[in-house]
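Asker: Task: produce atomic coordinates for the following.
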Amino acid sequence: DNCGIICDKYAETDSRIKVIHKKNGGLSDARNAGLDIATGQYICFVIFVIVALINIYPLVFSIFCSFKGNLEIFSSFTSLPKRLRFENYVTAWKVGNIGRYFLNTIILSVGTLVIAGLFGAMASYVLAKFRFRGKSKIYLLFISGMMIPIQAVLIPLSYIFGKLGIMNNYPVLILLYSAFCFPMTVLVLTGFMNGIPTELEEAMVIDGASIFQVFFKMILPLSVPGIVSVSIFNFIQVWNNLLFPLIFISDKNKGTISMGLLAFFGEYSTDYSSSMAGICLTTIPVIIAYVFFQEKIENGLMSGAIKG
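Answerer: Reported below is the predicted structural model:
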């Protein structure tokens, strides 16, 4: 009997030891997993910081060089400016005619955003909510426009524009910009509108609303985050475009801000300090637009990606 009691106690003690080992092993595994996650997050953070520094360096370099002279740029282009030369910005504004070109570019950008945003939203609504034969093919036709490079259409367009006598024409140039903005607009907004519940449309139709009332009073307001997101990308595309104005605009008074930067690059000399100041002046509106609409851009793209 005593031997049996001793054996039972030994077995009970052994089982307790195994349970303790299991618990300790589980805790160690959890700690190791936590360390692995923390290490992965730290590595990702370091990578993101490096990528951010690589992307922000050209802007910082341009700002520093915009306050230097040409000789100082070449002698110590990585150092801080010895003296802030604000006259570089005055020269950039006058020589590059930045003020006039700034207004011209705003006109082209706003016109393009209105047309591409409105008609792109209409096309996206039809592709997202309507059922008809060939819908997927039409959608692919819109998206395929993203594969056509601008350079591929310059020669035929310049020939057509010259024959029709529509050079130096802002409305035509706005339509041209809008055509190249449609694919991206349709891609983003179609995915966004797919996430809008169909029950909302059905409720408005039951109340007697027409298709246009449903679109303008319900679909369009709900799609504002997506429209803002794609409009920022379209704005950057129009703002930075140089080829279209350079080919289709010969009147200097109708030039764009990207054409104004060419005034600092001559055949035998280049005014680098003023050109850097002009670059800073041209990038300010884009940075401001992104900073103010950053949250809407991220929400619009994430909503379209998840719900689409």
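
Asker: which non-adjacent residue is nearest Thr185?
Answerer: Nearest in space to Thr185, with sequence neighbours left out and distances taken as CB to CB, 6 or more residues apart in numbering, is Gly120 at 3.3 Å. C-beta: built from backbone N, CA, C; applies to glycine.

Asker: what sits against that neighbour?
Answerer: The contact partners of Gly120, by CB atoms under 8 Å, 6 or more residues apart in numbering, come to Cys181, Phe182, Thr185, Val186, Leu189, Val230.

Asker: Which strand or helix spans the fifth one?
Answerer: It refers to Leu189. Under the criterion of DSSP states H and E, Leu189 resides in helix 170-193.

Asker: Quick one: distance of the following helix or strand past that helix to the chain centre.
Answerer: Next in sequence after helix 170-193, counting helices and strands by DSSP H and E, comes helix 198-206. Centre-to-centre, helix 198-206 and its host chain are 33 Å apart (CA atoms, centre = their mean, to the nearest Å).

Asker: Against which helices or strands is helix 198-206 packed?
Answerer: Other elements packing on helix 198-206 under the criterion 3 or more CB pairs under 8 Å, 6 or more residues apart in numbering; DSSP states H and E are helix 211-214.

Asker: Leu154 touches Ile247, doesn't it?
Answerer: Yes - the pair Leu154 / Ile247 is scored as a contact, 6.0 Å apart, by CB atoms under 8 Å.

Asker: Count the neighbours of Met122 for me.
Answerer: Residue crowding around Met122 was assessed by other CB atoms under 10 Å; the count is 17.

Asker: nope, Asn55 is what I meant
Answerer: Using other CB under 10 Å, Asn55 is surrounded by 9 other residues.

Asker: secondary structure element for it?
Answerer: helix 2-66.

Asker: now Tyr125
Answerer: helix 98-129.

Asker: buried residues in that helix?
Answerer: 98, 100-102, 104-105, 108-109, 111-113, 115-117, 120-129 (16 or more other CB atoms under 10 Å).

Asker: quick one: the helix or strand following that helix to chain centroid distance?
Answerer: Counting by DSSP H and E, the next helix or strand C-terminal to helix 98-129 is helix 135-143. Centroid separation between helix 135-143 and its chain, computed with CA atoms, centre = their mean, is 23 Å.
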